[in-house]
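Colleague: Attaching a predicted model along with its sequence, questions to come.
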Amino acid sequence: MNLKAVLILLAVALVTILALVSVLLSGAGKSTDSCSSKPRHGNLKSNVAQQKSDKGSVFSDLTPEEFSATVDYLKKNLGKNLINAADAKPTENCIYYVDIKYPPKQQVLNYLDRGGENPKREALAVVFFGDQEEPNITEYVVGPLPNPSYYHDITLEKYKENLPYYRRPMIGKEYVDAYDLVYQNEFSMAPTFLKALGYDGSNFAALTTVPRGFKSGDRSTWFVLFLKMKESCFAVQPVGLEILLDHKSMDISKWKVTKVFYNGAYFLNMADLEKQFNAGNVEVIEIQKIKTENDIGSMIPKVTTQPGAPLQFNPAGHRYTVHKNQVTFQSWSFTYGMNVNSGLRLFDIRFNNERIAYEISTQEAIAIYGSNAPGGMITRYLDGSFGIGRFSFELVRGVDCPYLATYIDAHYLMESETPDTTKNAICIFEQDLGVPLRRHYSNMHSMYYGGLPSTVLIVRAVSTLINYDYVWDFIFYQNGVIEAKMHATGYISSSFYFADGKEYGSRVGEHTLGTLHTHFVNYKVDLDVGGVDNSVMTQDMQFNPVNIPWQPEVKIQRPKVVRSILETENQAAFELHAKAPRYIHFSSNTTSKWGHPRSYRVQISSFAGDFLPEESPVEKAMGWARYKLAVTKRKDEEAESSSIYNQNDPWSPSVKFSDFINNETIKNQDLVAWITVGFLHIPHSEDLPNTATPGNAVGFFLRPYNYFDLDPSVNSPDGVYFKSEQDYGSCEVNQLACLSKTASCSPNIPPFTYEGFKNLVNL
Ligand SMILES: [Cu+2]
């Protein structure tokens with residue numbers, strides 16, 4: 001071999017080595033390629049126009065800077081002595097909460113749709129005035145943000161009356177003062193009894209009940225006592241003791257215990273209970289310390305845990321975008337926000353850039369209890385007054401939402417002069433439901449398979465209201481359907497088990513009666529189907545007897561469509577037990593290609609059953625719950641179906657939903673659907689350690705009905721269609737066959753983090 005040949009061979013070897021290295025490197029790169037968070041799907045229908053527009057920020061929640069600017073402005077300009085609510089006594093003034101004040105819908109539409117001016121950004125500030133001749137609650141609009149220069153008192157305009165001070169929700173300071181009185185003053189009156197009961201000076205926890213009395217102005221709360229648990233929830237460990245505290249007086253030193261309950265008997269106060277106990281008239285059931293293995297409320301896994309549960313990841317990166325408060329997903333776009341009282345709220349929900357709904361939001365959640373013990377007997381929780389949004393705590397990756405979801409912080413200002421942030425309070429994710437959205441296998445005449453996997457976009461928050469947890473979902477399907485869904489989980493509330501307890505629920509522990517209760521929630525759905533003006537169309541079918549045309553002596557029952565347009569609010573208010581048409585639509589003035597009104601159908605999935613009898617004096621405070629669906633003419637002054645003031649004065653509710661239904665015409669008007677869903681919960685032993693979500697979900701669907709001329713999911717990039725003669729194993733024919741290439745990336749798993757324990761609240 002000559003030198004030239006050796007050199008040539010060496011050169012070839014070098015080139016080969018370099019090529020191999022390059023292939024190996026690129027191959028290695030591919031196998032460990034992480035799935036980008038940037039969309040790589042070139043064939044997805046683009047929503048660039050929507051993404052680039054920032055107009056959706058008209059609905060965005062206030063920023064921490066805007067909260068602070070509002071508080072600073074009020075403190076400087078209101079001319080009242082505003083104390084930080086965290087320290088405020090009943091006789092002082094404080095800001096309760098601040099939220100965005102939305103501009104009137106007309107102004108917003110003018111801005112969004114007609115190139116009008118961007119409406120001024122304003123805040124709503126709720127102030128408790130304890131230090132005034134007539135103590136009251138006042139609501140102010142403060143603006144324009146971010147540099148306020150004015151404030152207006154809107155209380156009278158909004159409520160048509162002044163808001164008496166006694167309607168105010170209890171703030172943390174009031175709870176602290178109440179607990180101090182119970183644990184320090186009152187407990188000191190019954191040392192022998194409490195020792196016999198098993199009280200060690202710090203091992204009891206109190207649960208507030210509501211309403212706080214029986215008439216306007218009352219402020220008397222039954223505090224139910226439970227055994228504090230180190231590793232589980234106290235709510236399923238009642239000790240049998242309940243204390244009624246009258247805390248109506250502005251002077252805390254005048255608060256007093258007016259009744260005590262223990263194990264089926266009532267006493268004047270703790271001193272009376274002590275006296276009766278010492279006289280041998282009270283049988284005490286000593287509360288034993290509970291070890292983890294006997295703790296019915298323990299959520300500590302009973303086996304060794306290990307990773308390995310299925311993980312859904314996004315081989316092409318996220319196929320949705322979240323830009324500030326605006327979300328796009330395939331043909332969908334909407335904005336999201338969180339009301340500190342009522343929770344998640346979505347605005348400007350569009351499909352193919354056409355608005356379907358102006359607003360879809362949760363309004364209120366109630367729970368009405370029954371028990372043979374006093375606290376449980378009177379309890380009617382209106383969770384909005386505690387704060388469905390405020391108590392939407394940090395979501396835990398991989399359980400509350402899929403691990404790879406997008407997590408978003410929420411900012412709020414409540415009972416404080418500085419804004420708070422709940423990290424990861426809202427999650428957004430795309431989810432494969434594991435069911436075809438549509439499919440067909442054809443083996444007759446034409447041989448093909450066509451299908452579309454159902455992936456949806458979900459927006460979620462989970463609120464924990466003392467013992468209960470509610471999972472709130474808004475779900476967007478590829479065929480134009482929107483679903484709202486609430487799952488209930490968390491701990492049941494309980495009473496001490498005694499006597500005829502089983503009449504009011506199930507015994508689920510040594511001393512634990514899981515008390516029966518209802519969960520009802522209310523949603524506001526401001527649909528704008530094919531424009532703002534809509535009508536309520538109903539469809540059902542009825543059987544008509546008909547003689548068979550070709551054999552007239554034979555009669556059959558032939559079903560026929562029955563359609564109608566509802567004229568008035570009263571006609572469109574369907575009480576829970578009322579027979580309602582099976583199809584209820586919001587229809588537009590435009591028609592489909594085939595001559596039908598374009599519409600969206602409201603389909604409710606609920607097991608609400610009975611609400612409260614109308615003669616109940618608190619029924620009007622939750623008036624929305626009387627109706628599974630009520631359609632009213634939209635008004636800016638009928639913005640919410642409930643009020644945070646209804647809880648502490650349900651006898652004279654600040655917002656009375658029944659007033660919304662006053663027989664106005666609803667034909668060809670801007671309409672709102674108020675939808676109530678719920679279920680009865682008679683607890684059972686499997687509610688321990690706590691309530692599971694399967695079967696405990698209710699909600700509703702908004703479904704396009706003759707709205708599109710063809711199911712819009714035909715535009716989905718996820719569709720699959722192949723014929724028998726095609727090479728369906730090839731990527732060109734069937735996108736699923738590309739998976740081995742497109743899904744060769746490995747998910748980019750962020751580390752597990754959680755800061756939820758920074759948000760500690762004591763009620
Ligand atoms: Cu329940």
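Modeller: Great, that's in hand. Numbers count the residues shown, from 1 in each chain.

Colleague: quick one, helices of the stretch 151-300 of the chain?
Modeller: In the stretch 151-300 of the chain, the segments counted as helices under DSSP state H, counting those that start in this stretch are 155-159, 172-180, 191-197, 270-278.

Colleague: Just name the most buried of these.
Modeller: Neighbour counts (mean count of other CB atoms under 10 Å) averaged over each of the helices of the stretch 151-300 of the chain peak at helix 270-278, with a mean of 19. (Glycine included, C-beta is placed from N, CA and C.)

Colleague: Can you report how many residues neighbour Leu452?
Modeller: 20 (other CB atoms under 10 Å).

Colleague: My error: substitute Pro617 in the last question.
Modeller: A total of 14 residues lie near Pro617 under the criterion other CB under 10 Å.

Colleague: Then Asp670?
Modeller: What Asp670 shows, counting by other CB under 10 Å, is a neighbour count of 19.

Colleague: Counting by contacts, list what the helix or strand hosting it packs against.
Modeller: Assessed by DSSP states H and E, Asp670 sits inside strand 669-681. Applying 3 or more CB pairs under 8 Å, 6 or more residues apart in numbering; DSSP states H and E, we find strand 669-681 packed against strand 482-490, strand 517-527, strand 533-548, strand 597-605, strand 627-633, strand 697-705.

Colleague: what bits of the stretch 1-150 of the chain have low per-residue confidence?
Modeller: Residue ranges of the stretch 1-150 of the chain with pLDDT under 70: 1-52.

Colleague: rerun at 90
Modeller: Counting by pLDDT under 90, the stretch 1-150 of the chain shows low-confidence ranges at 1-54.

Colleague: So, low pLDDT: which residues of this protein?
Modeller: For the chain, the stretches flagged by pLDDT under 90 are 1-54, 288-289, 291-294, 307-308, 312-317, 735, 738-750, 754-763.

Colleague: Return the angle between stretch directions for the strand holding Asp670 and strand 517-527.
Modeller: Angle, strand 669-681 to strand 517-527, by axes from the mean of the first three to the mean of the last three CA atoms, to 10 degrees: 160 degrees.

Colleague: Would you mark the buried spots in strand 669-681?
Modeller: 669-679, 681 (16 or more other CB atoms under 10 Å).

Colleague: about what we covered before: any chance of the helices and strands packed on strand 669-681 in TSV, plus mean neighbour count?
Modeller: As requested, those are exported to TSV (neighbours: other CB atoms under 10 Å):
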stretch	mean neighbour count
strand 482-490	21
strand 517-527	25
strand 533-548	16
strand 597-605	21
strand 627-633	24
strand 697-705	20
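
Colleague: thinking again about what came up before, now do the strand holding Asp670: distance to the chain's middle.
Modeller: The chain centre lies 14 Å from the centre of strand 669-681; the measure is CA atoms, centre = their mean, to the nearest Å.

Colleague: what is the orientation angle of it with strand 597-605?
Modeller: Angle, strand 669-681 to strand 597-605, by the same axes, to 10 degrees: 20 degrees.

Colleague: Using CSV, write out every CA atom in strand 669-681.
Modeller: Extracted C-alpha coordinates of strand 669-681, given in CSV (Å, rounded to 0.1, in the frame of the first residue of the first chain):
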residue,chain,number,x,y,z
GLN,A,669,-83.0,40.4,24.7
ASP,A,670,-79.6,40.2,26.3
LEU,A,671,-80.1,37.2,28.6
VAL,A,672,-78.5,35.5,31.6
ALA,A,673,-79.0,31.9,32.6
TRP,A,674,-78.7,31.3,36.4
ILE,A,675,-78.1,27.6,36.8
THR,A,676,-78.3,25.7,40.0
VAL,A,677,-76.8,22.2,40.4
GLY,A,678,-76.4,20.1,43.5
PHE,A,679,-76.9,16.9,45.4
LEU,A,680,-78.0,15.5,48.7
HIS,A,681,-75.2,14.1,50.8
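
Colleague: between it and strand 533-548, how many degrees?
Modeller: Going by the same axes, to 10 degrees, strand 669-681 makes 70 degrees with strand 533-548.

Colleague: Please name the nearest non-neighbouring residue to Pro191.
Modeller: Leaving out its chain neighbours, the residue that sits closest to Pro191 by CB to CB, 6 or more residues apart in numbering is Glu274, at 7.4 Å.

Colleague: Tell me who's in contact with the one you found.
Modeller: With contacts defined as CB atoms under 8 Å, 6 or more residues apart in numbering, Glu274 is in contact with 189-193.

Colleague: how far away is the residue positioned nearest the centre of the chain from Pro552?
Modeller: The centre of the chain sits closest to Trp472, judged by CA atoms, centre = their mean, with a distance of 3.5 Å. Distance, Trp472 to Pro552, by CB to CB, to the nearest Å: 58 Å.

Colleague: Then Gln132?
Modeller: Relative to Pro552, and taking CB to CB, Gln132 is found at 83 Å.

Colleague: Comparing those two, which residue is more hemmed in?
Modeller: Gln132 (13 against 9).

Colleague: contacting residues for that one?
Modeller: 80, 93.

Colleague: Kindly report the same for the one 10 residues further on.
Modeller: Residues in contact with Val142 (CB under 8 Å, 6+ apart) are 70, 73-74, 122-125, 148, 150-151.

Colleague: which ones among those residues are found in helices?
Modeller: Cross-referencing the contacts of Val142 against helices under DSSP state H gives 70, 73-74.

Colleague: Narrow those residues to those that are buried.
Modeller: Buried members of these, scored by 16+ other CB under 10 Å, are 70, 73-74.

Colleague: could these go into JSON lines alongside distance to Glu614?
Modeller: JSON lines is the format used below for those (distance: CB to CB, whole Å):
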{"residue": "Thr70", "distance to Glu614": "40"}
{"residue": "Tyr73", "distance to Glu614": "44"}
{"residue": "Leu74", "distance to Glu614": "41"}
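
Colleague: Nearest to Ser716 among those?
Modeller: Nearest to Ser716 out of those is Thr70 (CB to CB; 43.8 Å).

Colleague: In contact with that closest one: list those residues for me.
Modeller: 62, 98, 123, 125, 142, 145, 148, 413.

Colleague: Closest to Lys215 out of these?
Modeller: Checking these against Lys215 with CB to CB, the nearest one is Ala125 at 29.5 Å.

Colleague: how about the helices and strands packed on strand 669-681 in TSV, adding distance to His577?
Modeller: Formatted as TSV, the helices and strands packed on strand 669-681 follow (distance: least, CB to CB, whole Å):
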stretch	distance to His577
strand 482-490	21
strand 517-527	14
strand 533-548	17
strand 597-605	14
strand 627-633	9
strand 697-705	17
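
Colleague: Looking at these, which is nearest to Val260?
Modeller: Ranking the helices and strands packed on strand 669-681 by proximity to Val260 (CB to CB) places strand 517-527 first, at 23.9 Å.

Colleague: Each with direction, which strands does the closest one pair with?
Modeller: Sheet pairing of strand 517-527 (DSSP bridges) gives strand 354-369 (antiparallel), strand 669-681 (antiparallel).

Colleague: what are the C-alpha coordinates of it, in CSV please?
Modeller: Taking C-alpha atoms only, strand 517-527 is exported to CSV below (Å, rounded to 0.1, in the frame of the first residue of the first chain):
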residue,chain,number,x,y,z
HIS,A,517,-76.6,18.1,54.1
THR,A,518,-77.2,19.4,50.6
HIS,A,519,-74.6,20.9,48.3
PHE,A,520,-76.1,23.5,45.9
VAL,A,521,-74.1,25.7,43.7
ASN,A,522,-75.1,28.5,41.4
TYR,A,523,-73.6,29.7,38.2
LYS,A,524,-74.1,32.8,36.1
VAL,A,525,-74.0,32.1,32.4
ASP,A,526,-74.3,35.2,30.2
LEU,A,527,-74.6,33.7,26.8
